[in-house]
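J.: A predicted structure for the sequence below; I have some questions about it.
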Amino acid sequence: MTEKEILNAVEAVLFAVGEPISIDRIADAVGIDTAGALRAVEQLAEHYDVNLSGICLLRMEDRFQLATRPMYTQYVQSALDTRRNLPLSQAAMETLAIVAYNQPVSRSFIDQIRGVDSSSSVANLISKGLIAEAGRLDLPGRPISFKTTDAFLRSFGMNGLSELPPTQEEQIELTEQSATLSGE
């Protein structure tokens, strides 16, 4: 296969899958090694960026996905005649934060932290694709656990959960460590 054919094949795989796909699966599908697949993905990303293409290549930890470049989202929404997404309620944002920082978590854990029933917030976040079931916890009753999704990462412009902002406790700890290091 020529380099151009590899690029085209990788692009076709990314387009057809439509969801985040690992570099290993791309390599297997195209019949090349992982390093070659990674080079092709990087070349495609650069090509889309240099040309300010209507699409871009997103990286989510070790997976890749083709997506609409954010500056063209309004046109795609118009073409698809999609309803404007309503912003998340305060309750939904609280629930999402609890899941993101503590995953996998049960609904009862979320309820305990929030102090109120979170059934509707959890259902709303699942329907928006921001959280998903992560299996069952090894606790009495084997409750369903929840985790964030790739849609969550895309929605908040993150490559991975390591990019979550520090919690208030983590921020205080970082401030104390900084003060200790500077000799205060």
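T.: Alright, I've got the coordinates.

J.: and residue 146, what helix or strand is that in?
T.: In the assignment (DSSP states H and E), residue 146 maps to strand 144-148.

J.: now the strands for this protein?
T.: 21-22, 55-60, 63-68, 105-106, 131-136, 144-148 (DSSP state E).

J.: outside of the third one, which residues touch it?
T.: Residues from elsewhere that reach strand 63-68 (Cβ atoms under 8 Å, 6 or more residues apart in numbering): 11, 14-15, 17-23, 26, 41, 54-58, 76, 150, 154. C-betas here are computed from N, CA, C, even on glycine.

J.: if we can go back for a sec, any chance of a markdown table for the strands of the chain, columns mean neighbour count, distance to residue 94 and mean pLDDT?
T.: Below are the strands of the chain laid out as a markdown table (neighbours: other Cβ atoms under 10 Å; distance: least, Cβ to Cβ, whole Å; pLDDT from 0 to 100):
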| stretch | mean neighbour count | distance to residue 94 | mean pLDDT |
| --- | --- | --- | --- |
| strand 21-22 | 16 | 32 | 94 |
| strand 55-60 | 17 | 24 | 92 |
| strand 63-68 | 19 | 27 | 93 |
| strand 105-106 | 21 | 13 | 92 |
| strand 131-136 | 16 | 13 | 92 |
| strand 144-148 | 20 | 14 | 94 |
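
J.: quick one: closest of those strands to residue 168.
T.: strand 105-106 (18.6 Å; Cβ to Cβ).

J.: the closest one packs against which elements?
T.: strand 144-148 (3 or more Cβ pairs under 8 Å, 6 or more residues apart in numbering; DSSP states H and E).

J.: next, format the strands of the chain as JSON lines and append distance to residue 5.
T.: Below are these laid out as JSON lines (distance: least, Cβ to Cβ, whole Å):
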{"stretch": "strand 21-22", "distance to residue 5": "19"}
{"stretch": "strand 55-60", "distance to residue 5": "19"}
{"stretch": "strand 63-68", "distance to residue 5": "18"}
{"stretch": "strand 105-106", "distance to residue 5": "46"}
{"stretch": "strand 131-136", "distance to residue 5": "36"}
{"stretch": "strand 144-148", "distance to residue 5": "37"}
